[in-house]
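Undergrad: Requesting a structural model of the entry that follows:
(chains A and B)
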Amino acid sequence: NAGVTQTPKFRILKIGQSMTLQCTQDMNHNYMYWYRQDPGMGLKLIYYSVGAGITDKGEVPNGYNVSRSTTEDFPLRLELAAPSQTSVYFCASSYPGASGELFFGEGSRLTVL
Amino acid sequence: QKEVEQNSGPLSVPEGAIASLNCTYSDRGSQSFFWYRQYSGKSPELIMSIYSNGDKEDGRFTAQLNKASQYVSLLIRDSQPSDSATYLCAVNGGNQFYFGTGTSLTVIP
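TA: As a prediction, the model looks like this:
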């Protein structure tokens, strides 16, 4: 009963490095999301996808890229990491429609030094 | 920019009391409203959803929705120390969910 799985759970990057946060869900959800959460703050949407091959920007997309080649996977790419990208990243998925609740992964804590 | 606002707290209540958490939202077209609980260092988990005006009860939790006032609230009765967490209000606006900054609740034994 995996649900939404994120890897890695922790990562330290140097400024300018790149990396990919992986997200996989086994619930056959069409909708997937990437959020970041800074200390004492709510969740800010980075990118979302309503199905394979379809992605769209959220509130804070700068410095990130995504792809959605399958229903299950929604990786988030950080290019040229900056200290401002130090945060906790959550991947989530949901059924389509207004009543769909979000199911979250356990989060990935990223530090950029 | 669709906004969801919550009092950040912290809110402290004694064990056994009622905790009241409030949320307002800006988009009148929003249809679905959610309360998530987030323990420190953990991911958010859904505790209540509400879609129509009025009250919805689930155990010790009651969600209240007033679309005319664009207001959602969560009442926690008989508060327990295990309820100590941050509570996030979320609003579904089309394909996106918008979150408030959360209210930190501490239940004092």
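
Undergrad: going forward, measure contacts and count neighbours with C-alpha atoms only.
TA: Noted.

Undergrad: Report the contact partners of the residue nearest the centre of chain A.
TA: For chain A, the residue nearest the mean C-alpha position is A:Trp34 (2.9 Å; CA atoms, centre = their mean). Residues in contact with A:Trp34 (CA atoms under 8 Å, 6 or more residues apart in numbering or on different chains) are A:45-48, A:76, A:89-92.

Undergrad: pLDDT below threshold where in chain A?
TA: Along chain A, the model assigns pLDDT under 70 to residues A:1, A:97-99.

Undergrad: tell me which parts of it are close to chain B?
TA: Counting by CA under 8 Å from any CA of the partner chain, the residues of chain A close to chain B are A:40-45, A:48, A:50, A:90, A:96-99, A:101-107.

Undergrad: What does B:Ser82 show for phi and psi?
TA: phi -70, psi -10 (degrees, to the nearest 10).

Undergrad: So what's the residue count around it?
TA: Neighbour count of B:Ser82, defined by other CA atoms under 10 Å in any protein chain shown: 10.

Undergrad: now do A:Glu79
TA: Quick note: A:Glu79 (other CA under 10 Å) scores 15 neighbours.

Undergrad: For chain B, which residue gets nearest to chain A?
TA: Using CA to the nearest CA, B:Thr101 is the residue of chain B that sits closest to chain A, at 3.7 Å.

Undergrad: Contact partners for the residue of chain A found nearest chain B?
TA: When scored by CA to the nearest CA, chain A has A:Gly42 as its residue closest to chain B, at 3.7 Å. A:Gly42 is in contact with B:88, B:99-102, counting by CA under 8 Å, 6+ apart.

Undergrad: picking up where we left off before, please name the nearest non-neighbouring residue to the residue of chain B closest to chain A.
TA: Distances taken as CA to CA, 6 or more residues apart in numbering or on different chains put A:Gly42 closest to B:Thr101, at 3.7 Å, once the chain neighbours are dropped.

Undergrad: and what of A:Ser49?
TA: Among residues not flanking A:Ser49 along the chain, A:Thr55 sits closest, at 4.3 Å (CA to CA, 6+ apart).

Undergrad: Equivalent analysis for B:Asp55, please.
TA: With CA to CA, 6+ apart, the residue lying closest to B:Asp55 is B:Gln64, at 4.5 Å.

Undergrad: Check which helix or strand that neighbour maps to.
TA: strand B:61-66 (DSSP states H and E).

Undergrad: by how many degrees do whichever helix or strand comes after that strand and strand B:61-66 diverge?
TA: Reading on from strand B:61-66 to the C-terminus, the next helix or strand found by DSSP H and E is strand B:71-76. In terms of direction (axes from the mean of the first three to the mean of the last three CA atoms, to 10 degrees), strand B:71-76 departs from strand B:61-66 by 160 degrees.

Undergrad: So strand B:71-76, near chain A or not?
TA: No - Strand B:71-76 lies out of reach of chain A by CA under 8 Å from any CA, never closer than 15.8 Å.

Undergrad: Chain B: helices as residue ranges?
TA: Along chain B, no stretch is classed among the helices by DSSP state H.

Undergrad: Who are the packing partners of the helix-or-strand element of chain B with minimal mean pLDDT?
TA: Within chain B, no helix or strand scores below strand B:96-99, which has a mean of 88 by mean pLDDT, DSSP states H and E. Contact analysis of strand B:96-99 by 3 or more CA pairs under 8 Å, 6 or more residues apart in numbering or on different chains; DSSP states H and E lists strand A:43-51, strand B:85-93 as its packing neighbours.
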